[in-house]
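Colleague: Here is a sequence with its predicted model. Questions after.
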Amino acid sequence: MENSYDVIIVGAGPAGMTAAIYAIRANMKVLMLDRLSPGGAIINTNEIENYTGAGKLSGAELAIKMFEHTQELGVEFDYRTVIDLIDEGEWKIVVCEEDDAVYRAKAVILATGTVPRRLGVPGEDQWAGSGISWCAICDGAQYRDKEVVVIGGGNSAVEESIYLAGICTKLTIVTMFDLTADPKACDQLRKMPNVTIYPYQDVLEFTGEDRLTGVRFKSTKEDATERYVTCDGVFEYIGFQASSAAFARLGILDRTGCIEADARMRTKVPGIFGAGDITVKHLRQIVTACSDGAVAANSAASYVESLKQ
């Protein structure tokens, strides 16, 4: 059958691309699918300094290197949005939105990653994409020499704030707790002269008429002081949620929507594996995603071989 594979990998981030490399090296017929350009979340990372042996480079540069590696080995790739995964025992059916395309594979590795979590406060939907963004690398340039607010205090928030502070006249950080990112990065951010940090705050609303003009927030301390900061744009970094809706009926997700997988990246459904940020895990980094991908591919190849016995 033309659309039949040994292994189909859904998602082309670091986990998916590593899985593809290991699977094809195990002599599997491999298809990798993603609705967006290969690279996943790392494409939006301005600077990476903690990927072993790579030195300092941008997320886009690393994504290109990873994808080129898959292509050198002959991994088949296609732009597809997977909307359903059906378990038919020995074969898994992958249903895509575009052209009603259907593929089948003996093993499927799910590496679709996560999407940004939203606050759910007034004004957010109104200004989403036209004042509120979730990607400084994508949209930061339009706020050069302007005033910007960043919501969040984790690794993504701090890393992107350092980038934004370098191009904006004023950067305000509003976070529910204190800064919780890598201490070195936090120290660097705090030393930047145009940065103001408001820890222990709840965002109440985004305001504006013809355009976004400000953010209102309130202290979570006893005084419950309310503040209002004017701005030209907002970037939200308050965490992520798993991109797993298409796989909900398989019974492989936990209550947060993440895939439950064992140490060999096996789910409770034989032949279906998880890898990367979509799985339940304590540390979500490029290096851990790559590790998951390698393990998942090894397990998937072993599973496919077991079907021949």
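Modeller: Nice, thanks for sending it over.
Colleague: Could you double-check that Tyr79 sits in contact with Arg35?
Modeller: Yes: between Tyr79 and Arg35 there is a contact under C-beta atoms under 8 Å: 6.5 Å. For the C-beta atoms, the positions are set from N, CA and C on the backbone; glycine is no exception.
Colleague: neighbour-wise, which of those two wins?
Modeller: Ranked by neighbour count (other C-beta atoms under 10 Å), Tyr79 and Arg35 place Arg35 first, with 17 against 13.
Colleague: By mean pLDDT, which helix or strand of this protein comes out lowest?
Modeller: Within the chain, no helix or strand scores below helix 136-139, which has a mean of 82 by mean pLDDT, DSSP states H and E.
Colleague: Now it: buried residues?
Modeller: Judged by neighbour count (16 or more other C-beta atoms under 10 Å), helix 136-139 contains these buried residues: 136-137, 139.
Colleague: now those as TSV including distance to Glu68?
Modeller: Below are these laid out as TSV (distance: C-beta to C-beta, whole Å):
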residue	distance to Glu68
Ala136	25
Ile137	20
Asp139	26
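Colleague: which one of those sits closest to Val7?
Modeller: Closest approach between these and Val7, by C-beta to C-beta: Ile137, at 31.2 Å.
Colleague: Next up, the contacts around the residue lying closest to that closest one once chain neighbours are set aside.
Modeller: Once flanking residues are discounted, Ile137 sits nearest to Asn44: 4.9 Å by C-beta to C-beta, 6 or more residues apart in numbering. Residues in contact with Asn44 (C-beta atoms under 8 Å, 6 or more residues apart in numbering) are 59, 135-138.
Colleague: Can you tell me which of the residues you listed is nearest Pro14?
Modeller: Of all these, Gly59 has the smallest distance to Pro14: 9.7 Å, by C-beta to C-beta.
Colleague: mind checking the backbone torsions on the closest residue to the closest one other than its chain neighbours?
Modeller: Distances taken as C-beta to C-beta, 6+ apart place Thr45 nearest to Gly59, at 3.3 Å, with adjacent residues excluded. For Thr45, the backbone dihedrals (degrees, to the nearest 10) come out as phi -90, psi 120.
Colleague: Please apply the same query to Glu88.
Modeller: The phi/psi pair for Glu88 (degrees, to the nearest 10) reads phi -110, psi 40.
Colleague: what's around it, how many residues?
Modeller: By other C-beta under 10 Å, neighbour count at Glu88 equals 9.
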